[in-house]
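A.B. asks: structure here, sequence nowhere to be found:
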């Protein structure tokens with residue numbers, strides 16, 4: 001399972017691509033944050049949910065569960081994490 005961050009994150013925190021183990025989005029992200037703990041607060045809020053202006057894609061699909069991060073993932077999959085666009 002690979003975790004990739006958009007360039008917008010890299011301007012603020014060191015978040016290189018990384019292969020991790022996990023069977024859900026939560027366990028994969030936790031494995032990533034074990035190696036790069038400073039990234040956690042850029043992606044997750046204090047309750048452990050995906051921040052409002054962050055989008056997490058599992059391969060080509062937006063994850064469904066933004067709170068518990070229970071979407072299933074498997075070896076060979078990829079999580080792509082972006083700053084979500086917001087309008088005004």
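C.D. replies: Looks like it arrived, so ask away. The structure presented is a predicted model; accordingly, all values stated were derived computationally and were not measured.

A.B. asks: next, the closest residue to residue 32 other than its chain neighbours: secondary structure please.
C.D. replies: With sequence-adjacent residues excluded and distances taken as Cβ to Cβ, 6 or more residues apart in numbering, residue 32 is closest to residue 3, at 4.7 Å. In this view, the C-beta of every residue, glycine as well, is placed from N, C-alpha and C. In three-state terms, and counting by DSSP: H, G, I helix; E, B strand; the rest coil, residue 3 is strand.

A.B. asks: need the contact list for residue 3.
C.D. replies: Neighbour list for residue 3: 17, 18, 19, 20, 28, 29, 32, 78, 79, 81 [criterion: Cβ atoms under 8 Å, 6 or more residues apart in numbering].

A.B. asks: cutoff 7 Å now
C.D. replies: 17, 18, 20, 28, 32, 79 (Cβ atoms under 7 Å, 6 or more residues apart in numbering).

A.B. asks: what's the farthest-apart pair in those?
C.D. replies: For the contacts of residue 3, the maximum inter-member distance is 12.9 Å, found between 17 and 28 (Cβ to Cβ).
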